[in-house]
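Student: I would like the atomic coordinates for the input below:
(one chain, ligands or ions: 1)
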Amino acid sequence: MPAFTVVIAPDSFKGTATAVDVADAIASGWASVRPNDVLRHFPMADGGEGTLDAFAAAVPGATRMPVTVQGPDDRPVDSCWLLLPDGTGVVELANTSGLGLLDRLRPLDAHTLGFGQAIAAALDHGVDRLLLAVGGSSSTDGGAGALTALGARFLDAEGQQIALGNRGLGDLDRVDLSDLRALPAGGATVLSDVTSPLLGPAGAASVFGAQKGADATQLRVMEANLAALATRMPAKADLPGTGAAGGTAFGLVAWGAVIAAGSGAVGDAVGLPGAISGADIVITGEGRFDDQSDAGKVASYVRGLAEAADVTALLVAGSIGAETRGFVGAQSLTELAGSSAAAMGDPLRYLRVAGTALAASGAEVAAARS
Ligand SMILES: O=C(O)[C@H](O)CO
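Tutor: Got it, this is the predicted structure:
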C-alpha cells in the first residue's frame, strides 16, 4: 500500500484535551497501523479556547505577554495576550473571561471586563492591529464589560454605572461611548466561533445561555436585556457572528471591529489550506459534532477545505449528534468507550483507538480514490 500524507487538524476537545494533545493521540493511533505515512500536525481553534495557543504554535517569534485581569467572577486571573512579530496583538476571551475560569456558573452575573482589560493592555503596549478571539465565554453581557474596560460607560436612569454582567443591563438607560479608546491603526478583527446573530432563536442567549447555566426564566431575562442593549448601541444586532461569546462580538462591532470566522483566520495563520491541498487524507475533530458544527466550527471548515481540494476527510468527535456528510469515515469516542463518562475520563486513550480505526478504513478509501 502506498504511503500517504495525512494532515491532522483537530480543534481542542473543550475541557478534556488540548488540540495539540488531540492531534498527537490520533497520530499515534494512526501510526500504529500505518507507520510509513507522513503525518502533519495542525492543532486548530475556532476563536474559542485554544486560539491563542494555535497562533503561538504556528507563528515563529510570537511572544506571550502576561496580564492579570478581573475574571468573570471578579477574582483575579493571571492570563496573557500574544504579540506577533508583525505588531499584531491576539487577545483571547476564553483565557480572560471564559467558562473554564469559573468554579460555579453565574449566567446573569459573569462578565467580560477582564477580556477588555487584556485588550487595553495590548493597546497600551502599542499593537498595530488586534485579533480578538471570542468564544468559550461564561457571560452574556453583549460585550458591555469589555467596552467598560476600554472607556465606555453604561449608565442607569440616575447616571450611575450599571452592574457588570447581563443582569446589570436590566437597569440600562444610556450608553456613553465618547471616551472609548481608539482602535489601533490597523483596526481590530473579531475571530468568531459561530455565525449567530445577537438576538432571537438563533442568538446568544437562546443557543448558548443554557451552557452558561441559565434556566428558562433566566434565558428570557438575558434576551430582554440584550435587546435593551441593542437599541442603545451603534451596531447591527442581526449581523452574523454578533451573538458570539454572549454578544461580545456585538459590543466589539460597536467599537469599530469587523467580524471574521475564527476557524478560517487560524487556518490561514497555520497554512492549513495549502497543507490540505497537498495531502491525501485530512483528519479533523471536535468535542461534539452537532448542528452547531456547521456554524463556523473547525470540523466544518476543514471539511470545506477537503471538499475544495478533493481530499478524503475523516472525523473524530467526542460525540456525534448530526449527519457526518462529507466525511468518508467518522469515529465517536463515546461509542468507542461505551459511554460519554468513560470517553471523557480517558480521552487520549480513545483518541488513539479512533486513530487506529480510521487508519484502516480511511486509508482504504483514499487508496481507492487515487
Ligand atoms: O461563548 C459562547 O457563547 C459560545 O462559544 C459561542 O460563541
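Student: can you name the residue of the stretch 251-370 of the chain nearest the ligand?
Tutor: Q292 (8.4 Å; Cβ to the nearest ligand atom). In short, each C-beta sits where N, CA and C put it, glycine included.
Student: tally of neighbours for that residue?
Tutor: 19 (other Cβ atoms under 10 Å).
Student: and G355, what element?
Tutor: helix 347-369 (DSSP states H and E).
Student: circling back to that earlier point, and the residue of the stretch 251-370 of the chain closest to the ligand, that one's in a helix?
Tutor: Yes - per DSSP: H, G, I helix; E, B strand; the rest coil, Q292 lies within a helix segment.
Student: give me every residue that touches it.
Tutor: V194, V207 (Cβ atoms under 8 Å, 6 or more residues apart in numbering).
Student: let me see the confidence value for it.
Tutor: At Q292, the pLDDT value in this model is 76.
Student: same question for E364.
Tutor: At E364, pLDDT is 77.
Student: how close does the residue nearest in space to the middle of the chain get to P240?
Tutor: Centroid-nearest residue in the chain, with Cα atoms, centre = their mean: G48, separated by 1.9 Å. Look at G48 and P240: by Cβ to Cβ, to the nearest Å, they are 17 Å apart.
Student: got it, and G47?
Tutor: Counting by Cβ to Cβ - G47 and P240 are separated by 13 Å.
Student: equivalent analysis for T140, please.
Tutor: Applying Cβ to Cβ to T140 and P240 gives a distance of 18 Å.
Student: got it, and K212?
Tutor: Following Cβ to Cβ, the distance that separates K212 from P240 is 21 Å.
Student: same check, this time on G170
Tutor: 26 Å.
Student: same deal with I281?
Tutor: The value you get for I281 to P240, if Cβ to Cβ is used, is 31 Å.
Student: pick out whichever of these two has more residues nearby.
Tutor: I281 (28 against 18).
Student: let's see the pLDDT reported for that one.
Tutor: pLDDT at I281 comes out at 96.
Student: ramachandran coordinates for V316?
Tutor: phi -120, psi 130 (degrees, to the nearest 10).
Student: distance between stretch 145-162 and the chain's centre?
Tutor: 27 Å (Cα atoms, centre = their mean, to the nearest Å).
Student: name the nearest residue to D156, sequence neighbours excluded.
Tutor: D171 (4.3 Å; Cβ to Cβ, 6 or more residues apart in numbering).
Student: number of nearby residues for S277?
Tutor: Around S277 there are 15 residues (other Cβ under 10 Å).
Student: my bad, R75
Tutor: 11.
Student: show me where the stretch 101-250 of the chain dips below the pLDDT cut-off.
Tutor: The stretch 101-250 of the chain contains no residues with pLDDT under 70.
Student: could I get the phi/psi values of the residue lying closest to V365 once chain neighbours are set aside?
Tutor: Sequence neighbours aside, V328 is the residue nearest to V365 in space, at 4.8 Å (criterion: Cβ to Cβ, 6+ apart). Main-chain dihedrals, V328, degrees, to the nearest 10: phi -70, psi -30.
Student: show me the domain layout of the protein.
Tutor: 5-42+271-369, 51-263 (automatic domain parsing).
Student: rewinding a little: was I right to think the residue nearest to the centre of the chain contacts A133?
Tutor: Yes - at 7.3 Å, G48 and A133 qualify as touching, with contact defined as Cβ atoms under 8 Å.
Student: and for those two, which residues touch both?
Tutor: Joint contacts of G48 and A133 (Cβ under 8 Å, 6+ apart) are A94, G262.
Student: picking up where we left off before, who's in contact with the residue nearest to the centre of the chain?
Tutor: Per Cβ under 8 Å, 6+ apart, neighbours of G48: K14, A94, A133, V134, G135, G136, D193, G262.
Student: can you rerun that using 10 Å?
Tutor: Contacts for G48 (Cβ atoms under 10 Å, 6 or more residues apart in numbering) come out as 11-12, 14, 92-94, 98-99, 133-137, 191-194, 244-245, 262-263, 297-298.
Student: how near is the closest residue to it other than its chain neighbours to the ligand?
Tutor: Excluding its sequence neighbours, the residue lying closest to G48 (Cβ to Cβ, 6+ apart) is G135, at 2.9 Å. Distance of G135 to the ligand, computed by Cβ to the nearest ligand atom, to the nearest Å: 4 Å.
Student: does G135 touch T195 like I think?
Tutor: No - using Cβ atoms under 10 Å, G135 is not in contact with T195; the gap is 11.8 Å.
Student: near the ligand, which residues of this structure?
Tutor: G48, G135, G136, S137, D193, V194, F208, A244, A245, G246 (Cβ under 6 Å from any ligand atom).
Student: the fifth one: neighbour count?
Tutor: Applying other Cβ under 10 Å, we find 31 other residues in the vicinity of D193.
Student: look up the closest residue to it, ignoring the ones flanking it.
Tutor: G135 (3.2 Å).
Student: wait, what's in contact with D46?
Tutor: 11-12, 54, 133, 135-136, 191-194, 244, 261-267, 286, 293, 295-301.
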